[in-house]
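Q: 3D, please:
(2 chains, ligands or ions: 2)
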Amino acid sequence: MKTLAVYNIKGGVGKTTATVNLAYEASRSGARVLVWDLDPQSAATFYFRVAAHIEGGGKRLVRGKTDLAGQIRGTDFPNLELLPADFSYRHMDRVLGQGDAPRDRLRELLRPLAKRYDCVLFDCPPSISLVSESVFAAADALLVPLIPTTLSLRTLNQLSAFRDERPHLRDLRVLPFLSMVDRRKRLHRDVLERLAARRSDFLHTHIPYASEAEKMGLHRAPIGSYARRSPAAAAFEQLWDEIQQQLYEPAPLPNGSVPEVTTPAGRPCVICACPLAAGPRGLQCPNCGYAEEG
Amino acid sequence: MSTRLEYQLEAGQPDQLAARLGEIGHLRACGRQRVERTWFDTFDWRLYRRGQVLEQDTSGPSSAVRWRRLVDGGLEAAFANTVPRFARELRPGPLRERLLALIDARALLPAASVRCEQTTYALENSEQKTVARIRTEVAHTPGGPVHRLAVEPVPGYPEPVARVRDLLEQELSLPPAGEDLFYLAVGATGRQPGDYQSRLQVELDPQMAAGAAARRVLGLLLEKVLANLDGARQDIDIEFLHDLRTAVRRSRSALRQFRGVLHPHLAEHLGEALRWVGTVTTPVRDLDVHQVEFEQVWPSYEPELFAAMRPVGALLVTERERERQKLVRHLGSRRFAEVLDLWRRLLNQADPPASLAPRAGEPIGRLAARRIRKLHRRMRRDGRAIGPETPDEAVHDLRKLGKKLRYTIEMFQSLYPRQMVKPALAGLKQLQDCLGRFNDLTVQQADFRTWAGHFSQQPGTAGTLLAMGQMIERLRHEQRAVRAAFQRHFGDFDRPVVRRRLAALGRPPGNS
Ligand SMILES: Nc1ncnc2c1ncn2[C@@H]1O[C@H](COP(=O)(O)OP(=O)(O)O)[C@@H](O)[C@H]1O
Ligand SMILES: [Mg+2]
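A: Ligands and ions are numbered 1, 2, ... in the order given. All right, here's what the predicted structure looks like:
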């Protein structure tokens, strides 16, 4: 299971729009997806037509007193589910602060779901707080939507600095991308050009400014479900592909190291010589079910 | 995640149903479609064996795929695309990883299809939220039309689904759907789900005469060869040839273990003939293995090294194509047909006279135990004689011996209780892996040298040659490490518990 957080310190940059649409494209591509709407304003929950309500409130949920899986709601799409927001999430910072090891809390809450989902997407409230720190610790990558202005690029640098100062966040990927790009605006075109030349850390796909995106509130659904052929839907599909590429392509080994060489088809099974494959309990034979523990 | 409820319908029933379901919530019609539904699996039914199916609904240019469990209909994945031929063709992501873990290099082949007309509905609550998906359909199976209704609950909304259930089961008394359409459709093609597996499964009885046992084993192995022949010729995936070769190797080993049981001349001829089959199928298999390494392992090397090796990858492709053409000719040749004839002749023979086959009447349990005992003893003797200075040949010989032992145990495993066989094989496995890897590394170094010879005659290939030198160095480095680990693995194999497990197979089963 990969955990991705759509995050930016600022509001109104397209976080919720990205969460909802990336989750939808992910589920269309065959992943089992959970969206956790952490924003008490509950915009993602609204877009999925789910009631913004957690039984017993956010405090009991964070403390582990409410069964988290029992609060999950299906959306209108197969393999796309939602843990809704609740207005009480506005106190989540305080609730986390009162408990032990607040930074590890969200990661621990998610652990039992690791087998059920391939991907968890957080829609984060715009702030830097214990909530976002807990999100960072739980996430494999931060997806950072940015509107092409120099100002918002500075917030990205702050975010990277924040990560670099914390050893426990060493493995956290920061994947920024441009959102609400309006090619008719000179400034946007300039930023696009400069980025292409200087910043290799940005995802190449950007999300265009599009009227279909604005209509999400009307349809209460991801763009791809009502405007499949629109450029915005295509952009989110492509963005999701690119994110997958980053997360699942093997990174080249550091210079000079010898890779772990395995026999190509995997080791053969002792019983029937079929190649063993990684199963839930170690290596397993897909043919006869022989399992090799540990 | 969620499971699916499915019911039988009668023709004409759907329309009345819609009205009744509308009493529970708003029933929104999502569309009526004619679809071609096709089920996919690998030749050896890897999905089915896990209780799963891949189901593709195609309607005009659009198609949707469900990967679901057979037992409860629950979704493992759903994707808006067509089923790929190979898992590796999918884009990077969880779907690719999960499918690869299950089917690896095997091709997904259509197992059966039917035409369906389906109507889908969303049952919505007062907030227009879908709380269940409902589908009625007619599937035109060869056995006639099948009418069904499926309810897919949406997680988090148990009450409306409970009411739907009450309505369908209590009030309307709809019978449950029974067998999944998958079974009906596959059954109609003449195949059965799970009708092929790579594993050799021979049922033998300890009291059975060795002659009959030998014919049963060799008969099943011939079936494996025949089952894989078309796939290997057509190059559907690389496992067909691999399974074919494995069956041939097992047969050669069986012929040796059945010395004194079969007609000696026929057996010897067949052994020779199978050796030839082994030889002519080797180049393609070796290139298959290299190619998989090129695609899956080499990309994780340093980018410069991988880039310099690209011409080798291209060479592999052309070499393989050339070797494949030769292979197809061999498999279609008269000589190959004669091998099969000879094989069949051996199977159809009654036991030869005792002067030719003195052991044909011996109970197979006794013969099996004796063979396993001897091979185990030889293996321990030869393995103990290998020290750090012993030439590599002895290590290679031990690998072959170990393989014989494994094949023999597998061939005779039905004679013993299951709980005796698995641990015995497991005790052999680590050592065999080590010996197998040692051999692979030898072969790979030799192949790299051959290719280097090829490139050295071409201008502008200095980078590639250097990279190959580097690769050979790596392989040699690893080989030294594997050889150093041999003593430990052999020690593990030769320790008392493993010895006892194998020795237990050396006592005739079934006459306690
Ligand atoms: N690509 C886009 N094109 C046009 N409008 C957009 C786009 N992305 C988001 N918006 C609009 O901008 C506003 C803020 O977007 P939202 O995703 O809610 O941001 P955030 O979650 O960061 O606060 C919303 O009204 C949304 O409809
Ligand atoms: Mg938001």
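Q: ok, B:Ser59 touching B:Arg37?
A: No - applying Cβ atoms under 8 Å, one finds B:Ser59 not in contact with B:Arg37, separated by 9.8 Å. Every C-beta, even on glycine, is put in place using the N, C-alpha and C of the backbone.
Q: now B:Lys374: which helix or strand?
A: Secondary structure assignment for B:Lys374, by DSSP states H and E: helix B:364-384.
Q: again, but for A:Val144
A: Secondary structure (DSSP H and E) places A:Val144 in strand A:141-146.
Q: restricting to C-alpha, output the helix holding B:Lys374 in CSV.
A: C-alpha atoms of helix B:364-384 as CSV (Å, rounded to 0.1, in the frame of the first residue of the first chain):
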residue,chain,number,x,y,z
ILE,B,364,6.7,-50.0,-7.1
GLY,B,365,6.9,-49.0,-3.4
ARG,B,366,10.0,-51.2,-2.9
LEU,B,367,11.7,-50.0,-6.1
ALA,B,368,11.0,-46.3,-5.3
ALA,B,369,12.5,-46.6,-1.8
ARG,B,370,15.6,-48.3,-3.2
ARG,B,371,16.1,-45.6,-5.8
ILE,B,372,15.7,-42.8,-3.4
ARG,B,373,18.0,-44.5,-0.9
LYS,B,374,20.7,-45.0,-3.5
LEU,B,375,20.5,-41.4,-4.9
HIS,B,376,20.6,-40.0,-1.4
ARG,B,377,23.6,-42.0,-0.4
ARG,B,378,25.5,-41.0,-3.6
MET,B,379,24.6,-37.4,-3.1
ARG,B,380,25.9,-37.4,0.5
ARG,B,381,29.1,-39.3,-0.5
ASP,B,382,29.9,-37.0,-3.5
GLY,B,383,29.0,-33.8,-1.6
ARG,B,384,31.2,-34.7,1.3
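Q: does it reach chain A?
A: No - Helix B:364-384 lies out of reach of chain A by Cβ under 8 Å from any Cβ of the partner chain, never closer than 15.2 Å.
Q: who's in contact with that helix?
A: Residues lying outside helix B:364-384 but in contact with it, judged by Cβ atoms under 8 Å, 6 or more residues apart in numbering or on different chains, are B:204-210, B:212-213, B:257, B:261, B:359, B:394, B:397-398, B:401-402, B:404-405, B:408-409, B:412, B:415, B:431, B:490, B:493-494, B:499, B:502-503, B:505-511.
Q: report the buried members of those residues.
A: The neighbour-count test (16 or more other Cβ atoms under 10 Å in any protein chain shown) marks B:204, B:206, B:208-210, B:212-213, B:257, B:261, B:359, B:398, B:401-402, B:404-405, B:408-409, B:412, B:415, B:431, B:490, B:493, B:502, B:505-506, B:508-509 as buried among the contacts of helix B:364-384.
Q: would you map the strands across chain A?
A: For chain A, the strands defined by DSSP state E cover A:2-6, A:33-37, A:73-74, A:80-83, A:119-123, A:141-146, A:173-178, A:277-279, A:282-284, A:291-292.
Q: on that earlier part again, so which of the buried ones among the contacts of helix B:364-384 are in helices?
A: The helices, defined by DSSP state H, take in B:210, B:212-213, B:257, B:398, B:401-402, B:404-405, B:408-409, B:431, B:490, B:493, B:502, B:505 from the buried ones among the contacts of helix B:364-384.
Q: now for the residues you listed: which two are most distant?
A: Within these, two members stand farthest from each other by Cβ to Cβ: B:Ala212 and B:Phe490, at 37.0 Å.
Q: now residue 54. Nearest residue, chain neighbours left out?
A: Because you didn't say which chain, this covers chain A. The spatial neighbour of A:Ile54 that comes closest, neighbours along the chain excluded (Cβ to Cβ, 6 or more residues apart in numbering or on different chains), is A:Asp86 at 3.9 Å.
Q: the intended chain is chain B.
A: Leaving aside its chain neighbours, B:Leu54 sits nearest to B:Phe40 (4.4 Å; criterion: Cβ to Cβ, 6+ apart).
Q: show me which positions of the helix or strand where the one you found lies end up buried.
A: Take DSSP H and E as the rule and B:Phe40 turns out to sit in strand B:26-41. Residues B:Leu27, B:Val35, B:Arg37, B:Thr38, B:Trp39, B:Phe40, B:Asp41 are the ones in strand B:26-41 that count as buried (16+ other Cβ under 10 Å).
Q: just the CA trace of that strand, in CSV.
A: Extracted in CSV, the C-alpha atoms of strand B:26-41 (Å, rounded to 0.1, in the frame of the first residue of the first chain):
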residue,chain,number,x,y,z
HIS,B,26,-34.5,5.8,-6.1
LEU,B,27,-33.5,3.2,-8.8
ARG,B,28,-31.6,5.1,-11.4
ALA,B,29,-31.1,3.3,-14.7
CYS,B,30,-27.5,3.6,-15.8
GLY,B,31,-27.8,2.0,-19.2
ARG,B,32,-28.7,-1.1,-21.2
GLN,B,33,-25.8,-2.7,-23.0
ARG,B,34,-25.0,-5.7,-25.2
VAL,B,35,-21.6,-6.9,-24.1
GLU,B,36,-19.3,-9.6,-25.1
ARG,B,37,-18.0,-11.1,-21.8
THR,B,38,-14.7,-12.9,-22.0
TRP,B,39,-12.9,-14.7,-19.2
PHE,B,40,-9.1,-14.8,-19.2
ASP,B,41,-6.6,-16.9,-17.4
